[in-house]
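Chemist: next comes the sequence, and after it the predicted model I'd like to discuss.
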Amino acid sequence: MIHKVTYEHKGIKVSIEANETATSDDVEAAINFSKDKLTKLFEPTPGIKHSVSYRHEVPKVLGAKNIKEILGVCEKTAYKLIEKAEIRGDMFKVIKVGRHYKIPRDSFLMWLEHTDNVFK
């Protein structure tokens, strides 16, 4: 049996799916956890699938300040991530306009949703 909970928190739609291995305490913990950590990367609870819809709240083109807010990191860390993405070329698309970095929203969010890496 799969239990699905969908709610909106601070303008962000969140769906949580729990399979038969998850207890009701796991589901409640996942809801409370996701409300507190919506913009942070996290390891999922076993048996819980998190799905967060950011696209309606995020501008089509991002800068370092947007990346900072989405990831919940300092601006210096956001710039390091952007510079790493520009050098590697396989993370998310980076466009440099003068001294400014511009990142297409969909490219960044796709990378964010599918990354298994920890940025250091």
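Modeler: Looks like it came in fine.
Chemist: ok, and what's touching stretch 97-110?
Modeler: When contacts are defined by C-beta atoms under 8 Å, 6 or more residues apart in numbering, stretch 97-110 is touched by residues 54-55, 58-64, 66-67, 70, 79, 82, 85-86, 92-96. C-betas here are computed from N, CA, C, even on glycine.
Chemist: could you redo the last one with a cut-off of 7 Å?
Modeler: For stretch 97-110, contacts defined as C-beta atoms under 7 Å, 6 or more residues apart in numbering pick out 54-55, 58-64, 67, 82, 92-95.
Chemist: quick one: terminal-to-terminal distance for it?
Modeler: 22 Å (C-alpha to C-alpha, to the nearest Å).
Chemist: quick revisit: ok, the contacts of stretch 97-110 vs Glu20, which is closest?
Modeler: Distance to Glu20 across the contacts of stretch 97-110 (C-beta to C-beta) is lowest for Tyr54, with 28.9 Å.
Chemist: ok, which stretches of the chain are helices?
Modeler: Using DSSP state H, the helices assigned to the chain run over residues 24-36, 64-71, 75-88, 105-114.
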